Every structure is written in C-alpha cells, then in structure tokens.
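Trainee: Predicted coordinates and the sequence they were generated for:
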Amino acid sequence: MELIHHTPAVLRLHDNDNVGVATRALAEATPIDDRGNVCRRNIDAGHKVALVNIAGGDTIVKYGQVIGRASHDIACGEHVHTHNVAMQERETSLAGFRPASPTPVIEKGSTFEGYHRADGQVGTRNYIGILSTVNCSATVAKMAAESLNGSDELQRLGFDGVVPATHGSGCAMNTESEGFAFLERVIAGYARHPNFAFVLIIGLGCETNQVKQLVEKSGLAGSSRIYYFNIQEAGGTRASVSLACDRILAMAREHGGTKRKPAPLSHLSVALQCGGSDGYSGITANPALGHAADLIVRHGGSVILSETPEIYGAEHLLLDRAIDERVAAKLLERIAWWKHYTEINGAELNNNPSPGNKAGGLTTILEKSLGAVAKGGTSSLNDVLEYAEPRRVAGFNFMDSPGYDPVSVTGQIASGANVVCFTTGRGSVSGFKPAPCLKLATNTRMYETMQEDMDINCGLIADGQASVEQMGVDIFERILAVASGDRSASEALGYGSNEYVPWMVGAVT
C-alpha cells in the first residue's frame, strides 16, 4: 500500500541548516523547495541534500550544528555524504561553564507494577540469575540454566526463568587494571539487580577473578539472595550442574510467590540506547525517546544515556545541562580518556559511523552524535558514571561505555537499569535479559519489514502521522506497561540470553 506523505520531500531541521534530509527516496529532478531547486541525482531516504550552494571548506550544518565541512564545492540539490564531506574536529572546555538548574520532579502519581525486593529495590521482571566469574565456568552455568528452564516448577513458583550471564574472560588479567574493575562491577551489578529474585555465582576455583573475593569486595557477602561455589570444590562439571540445580530449586521455594505491587517511578531506571542508526534516527525515534525520557524524569524516575564515542562532537550539548562543574568535568575526563584510548590502539573517535550507518545516510560522527544525544531529552545532567558504576542519583545520568551495543547495555543494566529502550533505523534485533527491551523503529519501511522484532514505529513522525511529542507519550506509556509485565517483542520471541558482554580492556596475559 502506497503511503500518503504529509511531509515535504526534504526536511530542513533548523533555520541555520544548509542541508536537508530526504523523507523518502527521491528521483533526480524531484523539487526540494518552492524556489525551483531540484535533486541533481537520485537520493536515498534519510540521506542529505544541499539546500544552497556550499563552497569547499565551508561548514555543513544540520540540527543547527556543524557536522563537518565540504571537501569541495557542493551545488544546491546535490547529494551530501562521505564523497564530499570531511570531518571537522571540535574542542570543548569548561571555559565559561554555567551550571544548569536541576530538573524538578513535578508529577508524582504515576506507578508501575513491580517486584519489591527486601533491599528496597523494585524489579520489572522476576528472573533467577546464574553468573559465571570466568569463561571456564560458563558451560556449567549454561547447562544448569537449560536444565532448570526445561522444568515447570519455577514457573509455578512465579519466576520468569533462569538467565545464564556468562562471558569470555575472568582470568589472565591484572587485578589492578581497568578491565578487571569493569568485570567486577558488571558481575556485582547483575548480582544485586532487582530483576533477579536471587543469584547463583559459579567459579572454577583457580581463576584470577575469585568468586569469594568478588562477593566480599562487592558487599554481597551474607545476602540471602546470593549463593556461590567453585566447580573444583564441588567435584567437577556434572556435580556442579547438579548442585546448581538443587540449590536454585531450594532458593526458589524460599523466594517464590512474590507478586507484583504498585511502585512509584522513582524505582524505574531506563537505559537509552541506539544501534543500527540511520538518517532518520535524530529526527524520529531519538527525539521521541528523549521526550519520553523527560517524562520519566519529571515523574521521579531515572534514565541512563551511554556510548561515549557516540556523543563525541555533541558533548557541548550535555555540558550545557550539567548541574555542577564536577559533573561537567567528569564528562570531559571520559572524552579525554577515549581520545587517549583510541590513539594508543591505532584508532580514532571519528572512525564511527559504521558502514550500516553510512548506508542509512549518516556521514560523520558529529552528525551521528548530535542525533544520538537527542535520546537524552532536555533534562538536567545530574551525574556521570564510569562503566557499570551503580547509579547514585535520580534523573538523567550519563554512563561511559563503548558504542558497541551489547557492551554498552550490559553496563547500563549493571548500573541498575531495569528497562531498556533501543532505537534502530537499520533493524537491530537484540534482547537484554534480565531487563525487557523495547525496540523503536526510526522509519516505517524497516518497521514493516521487521515488524515481529519491533515494538513501536516512530517512522510515523517522518510520515507526518504523529508528532515527536505524541510519539514520546506513546513510548512513555509503553515503558510503564512493559515495566508492569507486558512482554516486549524480543521477549515474545524468547531472545535476550546472549547479549551479556562485559567491556574487556587491557592486556590478556
């Protein structure tokens, strides 16, 4: 069925922009304005077209912000992309910094139906976790989870299932390194996560990441919801699988029967993520999710934006929202860390966007970052977290992470996110147990092609059938419904057990 378009062929997103975005695939000679200018060649949906003549060396402006510079003269109506746009570095400092006023909580009546834990947290799901300290215990964790998920008893006791959180590291690491600290924080964050009713942690016994030390160092010792053992002490793999199953069933009988009860949104923490971005991401799904994020903050909840390489070039927009100089300085420290990290590894922060991003119309990391930051809405930036660091304050938070989605979301969940919202233009399909994940499509064509994997079609904004604000309200309401037990698309398909990927940095010896 042919869509009836209520939007112009080319969108100008800001009065200062010298490029527009094609709202659909445009054939050569398609008018781009009411002054007689036309496309000089075919232009794909989501890609940019010059709205005026742009001289070589001049800046390319989208969203009212610089996204690059022209590598040579560009005529009005020409396709503007990697063939004629070069990166332009941006330097940001604290000079002239002024703190933003904290965004107030002005709505307090909204609730969601969640699982209230003994430590005061509230979960949106009622899973049981089996965590491995090291890759050597991953097989036992997976086999135990598979055996338990094949039985009916856990479901009768009110659990959503068993999630094995396994990884490929945990040994041959310097215990004083950043990578080791990241791994410890991730495992501890998952162990205390409210979407797990209780957790079993399995070690091998001789690895660097010792399970007893991890539990004691993380303040988890003595908790009635944590049990751990080593395979070497349990008598091997077969005995360990049996011990894991027996122990989990015993704990399930002890912790079973928990029912959902109303909880204020102060117990809701939403991870804001994007993957497989395209030229529509910064126009439809990201700003719509940003509006929903503002509603969550206004109702007393929290949101966590991440992916430091994908705010590079747009960090000044976040600095303007920082509530104090400490928060602002911490953000710039993470940018500086990334510049050093990429340099010593023979890379650059502007290596992003990916080939898929470019195929979708994104040209430079500046352009991608400006669109990505829109997910964070407009609320004050209340804190900056290191990777997988527990969230301390409510409201809008930023967490340092790579742009690689599984690694980034793993850190957000470890920081306490109990719902994930994931915008995608190309069609990302991941789930992220134990947190339910909502997929927000940026364009209608992809949504219709991959509808079984998508939750919300934000392409309606580009189609002229909804506003950013209307879509933001829809996302907000859907978040509350999913937090209260409605299944997301990835949950309905049974996905989400393979996306636990702690960030590994540093030497493996």
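Mentor: It's in.
Trainee: use CA for all of it now, contacts and neighbours both
Mentor: Fine.
Trainee: show me the contacts for T423.
Mentor: Q273, C274, G275, S277, S281, A285, N286, K439, L440, A441, T442 (Cα atoms under 8 Å, 6 or more residues apart in numbering).
Trainee: sec struct for it, please.
Mentor: Here T423 is recorded as strand under DSSP: H, G, I helix; E, B strand; the rest coil.
Trainee: Give the bridge partners for it, please.
Mentor: C274, L440 (DSSP bridges).
Trainee: ok, back up a step: give me the buried entries from the contacts of T423.
Mentor: Using 16 or more other Cα atoms under 10 Å as the burial test, the contacts of T423 include Q273, C274, G275, S277, S281, A285, N286, K439, L440, A441, T442 as buried.
Trainee: With pLDDT and distance to M450 as extra columns, can I get the residues you listed in JSON lines?
Mentor: Formatted as JSON lines, the buried ones among the contacts of T423 follow (pLDDT from 0 to 100; distance: Cα to Cα, whole Å):
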{"residue": "Q273", "pLDDT": "98", "distance to M450": "19"}
{"residue": "C274", "pLDDT": "95", "distance to M450": "16"}
{"residue": "G275", "pLDDT": "93", "distance to M450": "15"}
{"residue": "S277", "pLDDT": "91", "distance to M450": "15"}
{"residue": "S281", "pLDDT": "94", "distance to M450": "16"}
{"residue": "A285", "pLDDT": "97", "distance to M450": "16"}
{"residue": "N286", "pLDDT": "96", "distance to M450": "19"}
{"residue": "K439", "pLDDT": "98", "distance to M450": "11"}
{"residue": "L440", "pLDDT": "98", "distance to M450": "11"}
{"residue": "A441", "pLDDT": "98", "distance to M450": "9"}
{"residue": "T442", "pLDDT": "97", "distance to M450": "12"}
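Trainee: and which of those is nearest R185?
Mentor: Q273 (19.9 Å; Cα to Cα).
Trainee: Check the gap between the closest one and V409 for me.
Mentor: Computed as Cα to Cα, to the nearest Å, the Q273 to V409 distance reads 7 Å.
Trainee: Which neighbours do these two have in common?
Mentor: With Cα under 8 Å, 6+ apart as the test, Q273 and V409 both reach V420.
Trainee: So what does the closest residue to G57 other than its chain neighbours look like in phi/psi?
Mentor: Distances taken as Cα to Cα, 6 or more residues apart in numbering place A70 nearest to G57, at 5.0 Å, with adjacent residues excluded. Main-chain torsions, A70, degrees, to the nearest 10: phi -70, psi 130.
Trainee: next one: K62
Mentor: phi -140, psi 150.
Trainee: got CSV for the contacts of T423, with distance to T111 too?
Mentor: Formatted as CSV, those follow (distance: Cα to Cα, whole Å):
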residue, distance to T111
Q273, 23
C274, 26
G275, 29
S277, 32
S281, 29
A285, 24
N286, 24
K439, 22
L440, 23
A441, 26
T442, 28
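Trainee: Go through the residues you listed and name the one nearest R156.
Mentor: K439 (29.4 Å).
Trainee: Just list the residues touching that closest one, thanks.
Mentor: With Cα under 8 Å, 6+ apart, K439 has these contacts: C421, F422, T423, T424, V429, D453, M454, D455, I456, A489.
Trainee: Equivalent analysis for I283, please.
Mentor: Per Cα under 8 Å, 6+ apart, neighbours of I283: G371, A462.
Trainee: mind running it again at 10 Å?
Mentor: The contact partners of I283, by Cα atoms under 10 Å, 6 or more residues apart in numbering, come to 11, 13, 21, 46, 63, 371, 374, 442-443, 458-459, 461-462, 468.
Trainee: Which of the buried ones among the contacts of T423 sits closest to D58?
Mentor: S281 (25.0 Å).
Trainee: got the contacts of K439 as JSON lines, with pLDDT columns?
Mentor: Shown next, in JSON lines, are those (pLDDT from 0 to 100):
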{"residue": "C421", "pLDDT": "98"}
{"residue": "F422", "pLDDT": "98"}
{"residue": "T423", "pLDDT": "98"}
{"residue": "T424", "pLDDT": "97"}
{"residue": "V429", "pLDDT": "95"}
{"residue": "D453", "pLDDT": "98"}
{"residue": "M454", "pLDDT": "98"}
{"residue": "D455", "pLDDT": "98"}
{"residue": "I456", "pLDDT": "98"}
{"residue": "A489", "pLDDT": "98"}
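Trainee: for the buried ones among the contacts of T423, which one is nearest T208?
Mentor: For these, the nearest to T208 is Q273 (31.7 Å; Cα to Cα).
Trainee: The closest one is in contact with V407, isn't it?
Mentor: No - at 11.2 Å, Q273 and V407 do not qualify as touching, with contact defined as Cα atoms under 10 Å.
Trainee: what touches both of the two?
Mentor: Residues touching both Q273 and V407 by Cα under 10 Å, 6+ apart: E307.
Trainee: now the lengthiest strand in the chain: mean pLDDT?
Mentor: Longest strand of the chain, by residue count under DSSP state E: strand 196-203. For strand 196-203, mean pLDDT rounds to 98.
Trainee: Likewise for stretch 73-89?
Mentor: pLDDT averaged over stretch 73-89 gives 93.
Trainee: First-to-last residue distance for that stretch?
Mentor: Per Cα to Cα, the first residue of stretch 73-89 is 20 Å away from its last.
Trainee: and it, which residues are buried?
Mentor: Applying 16+ other Cα under 10 Å to stretch 73-89 flags 74-81, 84-88 as buried.
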